[in-house]
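**Q** below are the sequence and a predicted model; questions follow.
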Amino acid sequence: MTTSLRLLIAVILSGLLPPFATAQSVTYNYRPTQDFSRFKTYSFKDVQKTDNPFVDERIAAAVAAQLATRGMTRDDRDPDVYVVVRQAFDTTPRTYVYGSPWGYGYGWGYPGFYGYDWNPWYTTVEVKNITVGTLTVDFQDAASDQLVWRGISAKRVHPMSKPSHVEKRINRRVSKMFEKYPPTPKTFVVTSP
């Protein structure tokens, strides 16, 4: 393989990796016996405050916008459901290896080889700490105080992002979390032989 072909393949492969590395994980769960059609009003309760009040406001606004599109209105006096929002951060180390994907580089290789050959000394290993933010939104029935729905979104976050990028990411995370809300319980049809 020529050097330019190897370089082209490396560039193409490196261009495909970032979408997989930055994907977000979203899940939700709910009480299957719950009638979600009776929830018309909501109120925020026990909202966990982070060290950034601007992010807290953006999360609350994104949740409120999603509930408004589903016909729910905010009522702090007598709500049908309480919305509990929590956010947690976890820092984990991630190892990155830089160098030629085939182990080739210019310089000295094994003793006796010169020039362009396999070179173990031109590979760089770097350990970076990444921060993963987990956003949890719970719905508690105001009448029974039972948890009836929970949405969870986990994604790598960048603490030094621009405010416009933070707002876009929060809106994307919350809208993806609420894609299937209200849930439609599966109905089972029993047929007799």
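**A** Yep, that arrived. Numbering: from 1, shown residues only.

**Q** can you get me a residue count around Leu135?
**A** Leu135: 23 surrounding residues under other Cβ atoms under 10 Å. Using the backbone N, CA and C atoms, a C-beta is placed for each residue, glycine as well.

**Q** and it, what element?
**A** Counting by DSSP states H and E, the element that carries Leu135 is strand 124-141.

**Q** parallel or antiparallel, list what pairs with that strand.
**A** According to DSSP bridges, strand 124-141 forms sheet pairs with strand 81-98 (antiparallel), strand 147-157 (antiparallel).

**Q** who's in contact with the shortest one?
**A** Contacts made with strand 147-157 from outside it, assessed by Cβ atoms under 8 Å, 6 or more residues apart in numbering, are listed as 21-31, 34, 36, 81, 89, 130-141, 169, 173-174, 176-178, 181, 183.

**Q** just the pLDDT for Tyr98.
**A** Model confidence at Tyr98, given as pLDDT, is 68.

**Q** thinking again about what came up before, buried among the contacts of strand 147-157? Need that as a selection in PyMOL.
**A** In PyMOL syntax, the buried subset of the contacts of strand 147-157 is picked out as below (16 or more other Cβ atoms under 10 Å):
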select buried, resi 24+26+28+30+31+34+36+81+133+135+136+137+138+139+140+141+169+173+174+176+177+178+181
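
**Q** hmm, back to that, next, format the strands paired with strand 124-141 as CSV and append distance to Ala60.
**A** CSV is the format used below for those (distance: least, Cβ to Cβ, whole Å):
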stretch, distance to Ala60
strand 81-98, 7
strand 147-157, 14
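
**Q** which one of these is the most hemmed in?
**A** Stretch with highest mean neighbour count among the strands paired with strand 124-141: strand 147-157 (a mean of 19; mean count of other Cβ atoms under 10 Å).

**Q** next secondary structure after it?
**A** Downstream of strand 147-157 (by DSSP H and E), the next one is helix 163-177.

**Q** tell me what that following helix is packed against?
**A** Contacts defined by 3 or more Cβ pairs under 8 Å, 6 or more residues apart in numbering; DSSP states H and E place helix 163-177 against strand 25-30, helix 53-69, strand 124-141, strand 147-157.

**Q** sheet partners, orientation included, of the helix or strand that the first one is followed by?
**A** Okay, so that is strand 25-30. The first helix or strand that comes after strand 25-30 along the chain, using DSSP H and E, is strand 41-44. Counting by DSSP bridges, the strands paired with strand 41-44 are strand 73-74 (parallel), strand 81-98 (parallel).

**Q** how about residues contacting strand 41-44?
**A** Contact partners of strand 41-44, identified using Cβ under 8 Å, 6+ apart, comprise 60, 67, 72-76, 78-85, 139, 142.

**Q** now stretch 40-51: buried residues?
**A** Thr41, Tyr42.
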